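Chemist: A predicted structure for the sequence below; I have some questions about it.
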Amino acid sequence: MGPEDRQHLLAVHGALEEIWTVASATTSPWHREDLHSDLVIARHGCPVPDDRRDLRQDTPAAEFTDVVTGEKVLVYSVERWNGGPDKDGRGTYRIRRIDPSGNQIPQSPVDYGLGENADRFGGGWSPPAPGDHSVFEALVDAIQTKLGIVPDALDATPASELREVRRRRSLPDPRRP
């Protein structure tokens, strides 16, 4: 094998490595949909306490779906940003896992590596909890981590991934001659 053949093989190997890296970084069986809590509750028949049935559940929510198994993870709240019906400033996010057969399993933030009260939001708690958006984002980040979803891959485009691969390839690599 001559030097030209070796150059050609290295170029082909590099191109394949780029394609594989982009494909593996942007492929996940989980799909995330951002919604409002009222839609998540209505879609899945999530239980709502009687005193909150007339409340407008307009806090941010997310539905994660494994497109291979059909399993889902829901994040939603039955309170508004300012709490329950008496506007007490105390709200809580709920996490539910729905298995492929449709069984709903309540979960805790602890299941995703967070503290026991990491689902609380609002200033009515003692001590006061962060706002609903902050708590929602923390829960979503923890769920993405637990499920193995790379957050950057959710919004990445093949072009942006390719730029990152090329940037990394320009750095010295001790494995290459």
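Modeler: Received it, and whenever you're ready, just let me know what you need. Numbers count the residues shown, from 1 in each chain.
Chemist: residue boundaries of the helices in the protein?
Modeler: 3-26, 37-44, 132-147, 151-155, 158-169 (DSSP state H).
Chemist: ok, of these, where does mean pLDDT dip lowest?
Modeler: For these, mean pLDDT drops lowest on helix 151-155, to a mean of 50.
Chemist: give me the number of residues near the closest residue to I98 other than its chain neighbours?
Modeler: Counting by Cβ to Cβ, 6 or more residues apart in numbering, I98 lies nearest to K72, which is 4.2 Å off, once chain neighbours are set aside. Using the backbone N, CA and C atoms, a C-beta is placed for each residue, glycine as well. K72 has 22 neighbours, counted by other Cβ atoms under 10 Å.
Chemist: Please apply the same query to H36.
Modeler: Look at H36: counted by other Cβ under 10 Å, it has 16 neighbours.
Chemist: distance of the residue nearest to P29 when sequence neighbours are not counted from T145?
Modeler: Nearest non-adjacent residue to P29, counting by Cβ to Cβ, 6+ apart: V68, 4.5 Å away. From V68 across to T145, the span is 19 Å (Cβ to Cβ, to the nearest Å).
Chemist: Give me the more crowded residue out of these two.
Modeler: Higher neighbour count among V68 and T145: T145, with 13 against 9, using other Cβ under 10 Å.
Chemist: these two touch, right, that one and Y112?
Modeler: Yes - using Cβ atoms under 8 Å, T145 is in contact with Y112, at 7.4 Å.
Chemist: Which of the residues in stretch 65-77 are classified as buried?
Modeler: The neighbour-count check on stretch 65-77 (16 or more other Cβ atoms under 10 Å) flags T65, E71, K72, V73, L74, V75, Y76, S77 as buried.
Chemist: got the contact list for that stretch?
Modeler: For stretch 65-77, contacts defined as Cβ atoms under 8 Å, 6 or more residues apart in numbering pick out 29-31, 33, 37, 40-41, 44, 46, 57, 59, 61-64, 91-100, 107, 121, 132, 136, 139-140, 143, 147.
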